[in-house]
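Colleague: here is the input, now give the coordinates:
(one chain, ligands or ions: 1)
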Amino acid sequence: MPSPTPHRVLVATRAHEGIVAALRTLRPDLEYRGAALTDVTPDDLAWADVFVGFERPPGAATMGRVRWVHSTGAGVDAWLVPPNLDASILLTRTPESFGPVIAEWAVARILAFQQQLGALADAQRNRQWAPRAIARVAGTRALVVGTGDVGGAVARALHRLGVQVTGVSRTGIAPNNAPGNAQDHASPFSATHRVEALAGLVGDAHWIVLAIPETASSRGLVSRDVLSRCRSAVLLNAGRGAVLDESALPEALDRGWLRGAALDVFAEEPLPPSSPLWSDPRVMISPHCSGRTTVDGAVSGFLECLAAVERGETPRWAVDRARGY
Ligand code: GLV
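Modeller: This next block holds a predicted model:
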């Protein structure tokens, strides 16, 4: 627990002005500095008790006097790779729920594939009257990897469209599927399996949706071997690029293991101009914007964690570093 109670808050994100303005109104008793991540100075880190931001400022060898890092992103992978955040520093993540917005991102892409929106738009630009076979989403099968806030929301949205949804999670138990849970009947997952079963499940899925954080155990999970077991699936990734062997995607598409991919996250971001994915008509790219942190969400999330710290409690959103989220 940061001690004494944090007083100096450094907000280091693109949206720092809005976040600091809101915090100054809601908690005028604290001191604030705001900066874009790349503008954070060693003096800022020597001044601050709390750092609010998505990742470590570039080139910062240490976090100075910072005793608490509050991640404005749900994924905290950037803090758990070398140089790892000192174990004595509290790490919390934003409680903001990105599930609903990422579910809409996924549904938009799945409908785009079934409705052949890309090909129809191309034909329209060429003034071509070229009817395409439009397929229903209802009656298809999805495999949702990750059954937390994001995976659960994706599963509910697909279930409502008549998709049969299977879940994959670390424990094999989706939160709504927990034995004895009164909401059992409301679970959008027809079954949930442990992640070890992944390779045996992908062959049955029309849609494979990756909604997991990057951790030591998820890195490279969707390997070439797993991709080779897919049968003309569409792969959607809204988690982290490192969960997938991105270099195997062109082969997976050419060999028909995948019929398409919708990617929001990449091994290297921004995706380099040299990547073959940019020009592949089977691939839909979005630049890591499926579920962006909002100013309101960042502010209320930080204040919720701050209230716990001020009560001397560990915030509910403290990261379990061994687990990685
Ligand atoms: C975005 O990728 C996040 O981690 O919130």
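
Colleague: which regions of the stretch 51-200 of the chain lie under the pLDDT threshold?
Modeller: Scanning the stretch 51-200 of the chain for pLDDT under 70 picks out 176-185.

Colleague: can you list contacts of stretch 101-116?
Modeller: 117-118, 132-137, 150, 153-154, 156-158, 161, 207, 209, 211, 234, 236, 238, 259-260, 262, 264, 284, 286, 290-292 (Cβ atoms under 8 Å, 6 or more residues apart in numbering). (Glycine included, C-beta is placed from N, CA and C.)

Colleague: which of those residues fall in strands?
Modeller: 207, 209, 234, 236, 259-260, 262, 284 (DSSP state E).

Colleague: ranking by neighbours, what's the top pick from those residues?
Modeller: Neighbour counts for those (other Cβ atoms under 10 Å) peak at residue 209, which has 31 neighbours.

Colleague: before we move on, back to that, going through the contacts of stretch 101-116, which ones are buried?
Modeller: By neighbour count, with 16 or more other Cβ atoms under 10 Å, the contacts of stretch 101-116 hold 117, 137, 150, 153-154, 156-158, 161, 207, 209, 211, 234, 236, 238, 259-260, 262, 264, 284, 290-291 as buried.

Colleague: domain map for the chain?
Modeller: 8-96+293-310, 99-285 (automatic domain parsing).

Colleague: and residue 110, that one's in a helix?
Modeller: Yes: using DSSP: H, G, I helix; E, B strand; the rest coil, the assignment for residue 110 is a helix.

Colleague: that one and the ligand, how far apart?
Modeller: 20 Å (Cβ to the nearest ligand atom, to the nearest Å).

Colleague: what residues does the chain have near the ligand?
Modeller: Residues of the chain that fall close to the ligand, judged by Cβ under 6 Å from any ligand atom: 73-75, 98, 293.

Colleague: let me know the closest of those residues to residue 199.
Modeller: Comparing the residues of the chain next to the ligand against residue 199 with Cβ to Cβ places residue 75 closest, at 24.1 Å.

Colleague: was I right to think residue 325 contacts residue 319?
Modeller: Yes: judged on Cβ atoms under 8 Å, residue 325 makes contact with residue 319 at a distance of 6.5 Å.

Colleague: where do the contact lists of these two overlap?
Modeller: 76, 93.

Colleague: any chance you could map the helices in the stretch 1-150 of the chain?
Modeller: Residue ranges of the helices in the stretch 1-150 of the chain, as given by DSSP state H, counting those that start in this stretch, are 16-26, 42-47, 99-115, 117-125, 149-160.
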